[in-house]
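Enquirer: Sequence plus predicted model, see below.
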Amino acid sequence: MRRVILIGCVSLLSSMGCKKPSKGADPGPPGVMKPAPGGETDPGMRPGPRVRPRRRAAVQIDPAERKRRVRRELALYNSITLRFDAAALSGPDKKLVGALLRAVDLVERLNMVQIHPHNLRYDREIADRGTADDKVLFLRYQRPWCFADEHVACNAHPGGVPKLVGLYHWPKGMTDAEFEKISKAPNKKELLSNFTVVRRDGPGKWKAVPYAADPLFGPLMKKLAVTLREAAGHATEATLKKFLLSRAKAFEDKSPFPYDASDYDWIALKGKWEVNVGPYEVYKNPRHIKARFKMVFGLTDPKITARLARFKKVLQQMENALASLVGPKIYKPRKLDPRIAVRAIRVVSAGGDARAPKGATVAFHLPNRGKSVDEGLYKKVMLVNHSFAFTPLVKRRAALALAVDQQRYVDKLAGITNTTFHEFSHGFGAHDELKIKTADGKQTTVHEALKEHTSLMEELKADVTSFWFIAQSVKRGWLKPAEAKARYVTGLMHILGLSSYPLKGTYPRMVAVQLGWYMDHGGVTWDKGRFRVDFAKLPAAVEGLTKKVGTLQLTGDYAGASALIARYVKTVVPKKSYVYVGKVKGPLEQMKEAFKKADIKSVAISYQVSGL
Ligand SMILES: [Zn+2]
């Protein structure tokens, strides 16, 4: 029954895996937004433009053009299948894997209806009337519309269904002005919960409907809870059993904040299995508030986990170092919980928001909100087989874009350590919900103050700070200078990899700011069509940017963040597209062109499990 399939994927954070979601009825409850042609809301567009249909009439699409565009979109990635043979597993473990794969299917469906409430129907219609390419495209993107090609004809649905993403979570036709009122309503805490949908409730009033009570999400969450309990019945290890049961309970809990207790159980997982399931990331919601469902499960890689564990011992020292860099006036270091967990795993399967249309997630740091985060407790999970899937690609890119004498520094283990530090760095300094005081004395949170720049600034903080810890680690004797060179160069290659994706995504824009700053400060140079790390100058450039970004976040400096981004990426209105500006423009455009000429494509990961 496990049809493998698919595709998708980037390097830093976005994942893959794909099984065809099981067929199921599209609940299509009353009040669900009708599909109407209109602008898609993408990450990085919060607060979004007024969301309303541009056209009401059905879209006429030339079938030949549609097929051509779909084929071209599919060709953007090379497909890689990660195979897992379950034959050697014990009987209970095989049953556990079977139940978890069914849970992945349900998460796929939950995420699909979060993207668009009619997606399950589109899936059925595409299965009935679409071409083989249409089916593959829908599975890759979990929606009918292309990502890179925004033309209306680039559509897996033969009827060319209109683009709309993530609006179901908000009142129909909500404007920026209404969103502002929602943000100030007496029940704003529940309305702005990451786990509720917002509905109108009389003039000037809104109610928060917990996901579990929503007519579209609730029944699927109930099925997911039942499936997790079934998995718990096969789990032979106590912490896994406990987590599966407490997360199942949370999926049935009709409160706006149901996940706190099971978050602790997830962080405390021991044994060989790692299972992460729930609504977490908000990047793809039009207002960056409502969380999408994702699931990843796999087997622990004990060797790499042990290698990373040594860095865990110095986390508090890293937090203290960052606090003294930005200064005690704006930040006092948190006391980090020694139970913070770091795990490296080999992914068996992933679904929902854990597999993005382009690229593959190579790590995650969760939870990103809630009681455990307030206490400084979280877990980092490195996805080793996802990461290694990119190694040949990184080498090909390096051969084209990196100074020849620095290509020897590109190293896949340095890449995993960089990613680990990126994830560690999410846990230092600011986080989205941190209470802060702006320069004019206003009490607020990072998210409230930085608005649509929140995600970009948080990713920038994590990436730049992870670079900053390279020099800090050498200084403190935790890292050899030769290893530092590998980390810098491999990190630069990672940045260049992210730059090859469309600029409308959060990561490519984040990278433009980072690389632009390094180039402005001499840390990275562009020489005869290739990038080069200046090992003498890069550490100071990194330190300057780490301090700047940390300060912008901790003082909620919206104007400062806008100005920093605008130095390297310009937003083109009214189409809401982006272009490079400044020193990065020429080199990045030239590099992208070189990658294109050499037909360097990113990989799209899918999963196949056999032997059950
Ligand atoms: Zn990140």
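Expert: Structure received. Numbers count the residues shown, from 1 in each chain.

Enquirer: which bits of this protein sit near the ion?
Expert: Within the chain, the residues that sit near the ion (CB under 5 Å from the ion) are Glu459, Ala462. The C-beta positions use only the backbone N, C-alpha and C, and glycine is treated the same way.

Enquirer: Nearest to the ion within the chain, name that residue for me.
Expert: Ala462 (4.5 Å; CB to the ion).

Enquirer: tally of neighbours for that residue?
Expert: Other residues near Ala462 come to 23 when the count uses other CB atoms under 10 Å.

Enquirer: Provide the backbone phi and psi angles at Phe293.
Expert: phi -80, psi 140 (degrees, to the nearest 10).

Enquirer: Go through this protein and flag its longest helix.
Expert: helix 91-115 (DSSP state H).

Enquirer: Show me the contact partners of the worst-scoring helix or strand of the chain on mean pLDDT.
Expert: Ranked by mean pLDDT, DSSP states H and E, the helix or strand of the chain with the weakest confidence is helix 371-374, at a mean of 86. Residues from elsewhere that reach helix 371-374 (CB atoms under 8 Å, 6 or more residues apart in numbering): Asp260, Asp263, Tyr264, Ile267, Pro367, Tyr378, His431, Glu433.

Enquirer: For ChimeraX, write the select line for the buried members of those.
Expert: Typed into ChimeraX, the line below selects the buried ones among the contacts of helix 371-374, using 16 or more other CB atoms under 10 Å:
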select :260,263,264,267,367,378,431
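
Enquirer: Would you reformat the contacts of helix 371-374 as JSON lines and include pLDDT and secondary structure?
Expert: Compiled in JSON lines, the contacts of helix 371-374 are given as follows (pLDDT from 0 to 100; DSSP: H, G, I helix; E, B strand; the rest coil):
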{"residue": "Asp260", "pLDDT": "95", "secondary structure": "helix"}
{"residue": "Asp263", "pLDDT": "97", "secondary structure": "helix"}
{"residue": "Tyr264", "pLDDT": "96", "secondary structure": "helix"}
{"residue": "Ile267", "pLDDT": "96", "secondary structure": "helix"}
{"residue": "Pro367", "pLDDT": "92", "secondary structure": "coil"}
{"residue": "Tyr378", "pLDDT": "86", "secondary structure": "coil"}
{"residue": "His431", "pLDDT": "85", "secondary structure": "coil"}
{"residue": "Glu433", "pLDDT": "82", "secondary structure": "coil"}
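
Enquirer: thinking again about what came up before, can you pull the contacts of the residue of the chain closest to the ion?
Expert: Applying CB under 8 Å, 6+ apart, the residues near Ala462 are His422, Glu423, Ser425, His426.

Enquirer: Over to Leu191?
Expert: Ile182, Ser183, Ala185, Val198, Trp206, Ala208 are the contacts of Leu191 under CB under 8 Å, 6+ apart.

Enquirer: Leaving out sequence neighbours, find the closest residue to Lys290.
Expert: His169 (4.0 Å; CB to CB, 6 or more residues apart in numbering).

Enquirer: these two touch, right, the one you found and Gln114?
Expert: Yes. If you go by CB atoms under 8 Å, His169 and Gln114 touch, sitting 7.4 Å apart.

Enquirer: overlap in contacts of the two?
Expert: Lys290.

Enquirer: neighbour count winner among those two?
Expert: Between His169 and Gln114, counting by other CB under 10 Å, Gln114 is the more crowded of the two (27 against 24).

Enquirer: quick one: the helices in the stretch 401-550 of the chain?
Expert: Per DSSP state H, counting those that start in this stretch, the stretch 401-550 of the chain carries helices over the ranges 412-426, 446-450, 454-475, 481-499, 506-520, 538-554.

Enquirer: export these to CSV and tack on distance to Ser372 and mean pLDDT?
Expert: Compiled in CSV, these are given as follows (distance: least, CB to CB, whole Å; pLDDT from 0 to 100):
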stretch, distance to Ser372, mean pLDDT
helix 412-426, 14, 89
helix 446-450, 18, 93
helix 454-475, 18, 95
helix 481-499, 28, 94
helix 506-520, 24, 96
helix 538-554, 21, 98
